[in-house]
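Trainee: give me coordinates for this.
(one chain, ligands or ions: 1)
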Amino acid sequence: MIKMQDLKKDFTVRVKAGRFRRLKRTVAAVDGVSLTIERGEMVGYIGPNGAGKSTTLKMLTGVLTPSSGEVSVCGLTPVPQRTRLALRIGVVFGQRSQLWWDLPLRESFELLRHVYRVPAAGHATRLRRCRDLLDLDEFLDTPVRQLSLGQRMRGELTAALLHGPEVLFLDEPTIGLDVVSKQAVRSFLAELGRTGDVTLVLTTHDLADIERLCERLVVIDHGRVVHDGSIEALHARYGSRRSLVADLDRPLPDGFTLDGTTLTSVTANGHRVTFTLDSVTAGVAVAGLVAAVAVRDLSVVEPDIEDVVARLYTER
Ligand SMILES: Nc1ncnc2c1ncn2[C@@H]1O[C@H](COP(=O)(O)OP(=O)(O)OP(=O)(O)O)[C@@H](O)[C@H]1O
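Mentor: Just a heads-up that it's a prediction; the model follows:
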């Protein structure tokens, strides 16, 4: 569905060199990315600021011409075949709107039907689905400029989907949204992905988006892919471990050890302890602990993706 082969994009920028001098410098925004994304995949494309995420998306959607390498989306070459591509993809870029500022959402959607020449029946079915899943009805007749950010984002998602695209590109779909709108957008995208009809590529700085939505995580830094795989694979690569957190009636006896674990924190005057599970399952560790001391409460905590990704960014 999407193929990139040694894709590069350089920008020439002028940098200050002394009071009056400006020197030309080349920035390799995307520096040899090769990726294949199959139909129905949900891929999170993440990386620190300036890593090259937006530039990649712009090349995939036909906004920017690559400096070198190959790119194809739905079998088309994005820039020269941009018009045909527009009928097959949907795009939501946080900063840019596809909606008409002064028109109610309902009319924007109708205009888009004409722009894309979408048959009325398909359009109506998709709009119905978006209205239900994204709760659009209460603001369908409100002019776009009066919508809250969360309402507008729900409108943008709908606008991007009304022509039935095969691929949806999302640049920071949940940025700036409140908790409720974030959940609404995530649930909607999860539902979209579940049906497998749409291939989804999203960039985000909110790793909860990735955890909720993407089986595949591509991490890019300085224009290069530094990780491509599942979240679990990332945890395995960095040796992240689950932890067992226990609230105890009394502090642990001096020198206490629990086989296959490491005691990593003791808080609340010794009443709360955390063990990292090094080589035992949670079940074995729980059984060992309960047999040895009086436990009031227990929980198993998954490794934190934020920590792992922060390490991935800083270790480079
Ligand atoms: N039009 C442009 N002209 C010059 N340099 C650019 C241009 N667009 C992007 N860049 C540079 O290319 C690099 C990659 O930028 P890009 O916007 O793709 O990063 P990003 O990963 O999307 O970052 P962010 O998370 O901050 O949005 C940065 O160094 C940026 O300054």
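Trainee: can you map out the helices along this structure?
Mentor: Per DSSP state H, the chain carries helices over the ranges 53-60, 82-86, 105-115, 120-134, 149-161, 179-195, 207-213, 231-237, 282-292, 305-314.
Trainee: which helices and strands does the longest one pack with?
Mentor: Applying 3 or more Cβ pairs under 8 Å, 6 or more residues apart in numbering; DSSP states H and E, we find helix 179-195 packed against helix 120-134, helix 149-161, strand 199-203, helix 207-213. All C-beta atoms are positioned from the backbone trio N, CA, C, and that covers glycine.
Trainee: recalculate using a threshold of 6 Å.
Mentor: Judged by 3 or more Cβ pairs under 6 Å, 6 or more residues apart in numbering; DSSP states H and E, the packing partners of helix 179-195 are helix 207-213.
Trainee: thought residue 224 was touching residue 31, still the case?
Mentor: Yes: Residue 31 lies in contact with residue 224 (Cβ atoms under 6 Å); the separation is 5.2 Å.
Trainee: where in the protein is pLDDT low?
Mentor: Applying pLDDT under 70 to the chain picks out residues 316.
Trainee: near the ligand, which residues of it? Just list them.
Mentor: Within reach of the ligand by Cβ under 6 Å from any ligand atom, the chain has these residues: 11, 13, 27, 29, 47, 49, 50, 51, 52, 53, 54, 55.
Trainee: for stretch 241-259, what is the distance to the chain centroid?
Mentor: 36 Å (Cα atoms, centre = their mean, to the nearest Å).
Trainee: kindly check the end-to-end length of that stretch for me.
Mentor: With Cα to Cα, to the nearest Å applied, stretch 241-259 spans 15 Å between its terminal residues.
Trainee: got it, and stretch 164-181?
Mentor: 23 Å.
Trainee: contacting residues around that stretch?
Mentor: Stretch 164-181 has contacts (Cβ atoms under 6 Å, 6 or more residues apart in numbering) with 54, 57, 61, 74, 88-94, 122, 149-150, 182, 185, 198-204, 206, 209.
Trainee: and if you look at stretch 107-123?
Mentor: In contact with stretch 107-123 (Cβ under 6 Å, 6+ apart) are residues 99, 100, 159, 162, 163, 164.
Trainee: max pairwise distance over the residues you listed: which two?
Mentor: With distances taken as Cβ to Cβ, the most widely separated pair in the contacts of stretch 107-123 is 100 and 164, at 20.9 Å.
Trainee: distance check, the residue nearest to residue 250 when sequence neighbours are not counted against the ligand.
Mentor: The shortest distance from residue 250 to any non-neighbouring residue, by Cβ to Cβ, 6 or more residues apart in numbering, is to residue 294 (6.7 Å). According to Cβ to the nearest ligand atom, to the nearest Å, residue 294 stands 49 Å off from the ligand.
Trainee: repeat for residue 289
Mentor: In terms of Cβ to the nearest ligand atom, residue 289 sits 43 Å off from the ligand.
Trainee: neighbour count for residue 31 and residue 224, which is higher?
Mentor: Taking neighbours as other Cβ atoms under 10 Å, residue 31 and residue 224 compare with residue 31 leading, 20 against 16.
Trainee: can you tell me how far that one sits from residue 51?
Mentor: 10 Å (Cβ to Cβ, to the nearest Å).
Trainee: what's opposite the nearest residue to residue 36 once chain neighbours are set aside in the beta bridge?
Mentor: Nearest non-adjacent residue to residue 36, counting by Cβ to Cβ, 6+ apart: residue 3, 5.3 Å away. Residue 3 forms beta bridges with residue 36, residue 72, as assigned by DSSP bridges.
Trainee: residue 3 against residue 37, yeah?
Mentor: No: contact criterion Cβ under 6 Å: residue 3 and residue 37 do not qualify, at 7.9 Å.
Trainee: neighbour count winner among those two?
Mentor: Set residue 3 next to residue 37 and count neighbours by other Cβ under 10 Å: residue 37 wins out with 21 against 14.
Trainee: so the more buried one makes contact with residue 2?
Mentor: Yes: Residue 37 is within contact range of residue 2, at 4.0 Å (criterion: Cβ under 6 Å).
Trainee: what's the closest of the helices of the chain to residue 251?
Mentor: helix 282-292 (12.8 Å).
Trainee: export that closest one to CSV, keeping only CA atoms.
Mentor: Extracted in CSV, the C-alpha atoms of helix 282-292 (Å, rounded to 0.1, in the frame of the first residue of the first chain):
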residue,chain,number,x,y,z
ALA,A,282,4.1,-12.0,38.1
GLY,A,283,2.3,-15.1,39.4
VAL,A,284,5.5,-16.7,40.8
ALA,A,285,6.6,-13.4,42.4
VAL,A,286,3.2,-12.8,43.9
ALA,A,287,3.1,-16.3,45.4
GLY,A,288,6.6,-15.8,46.8
LEU,A,289,5.8,-12.5,48.4
VAL,A,290,2.5,-13.5,49.8
ALA,A,291,4.1,-16.6,51.4
ALA,A,292,6.7,-14.5,53.1
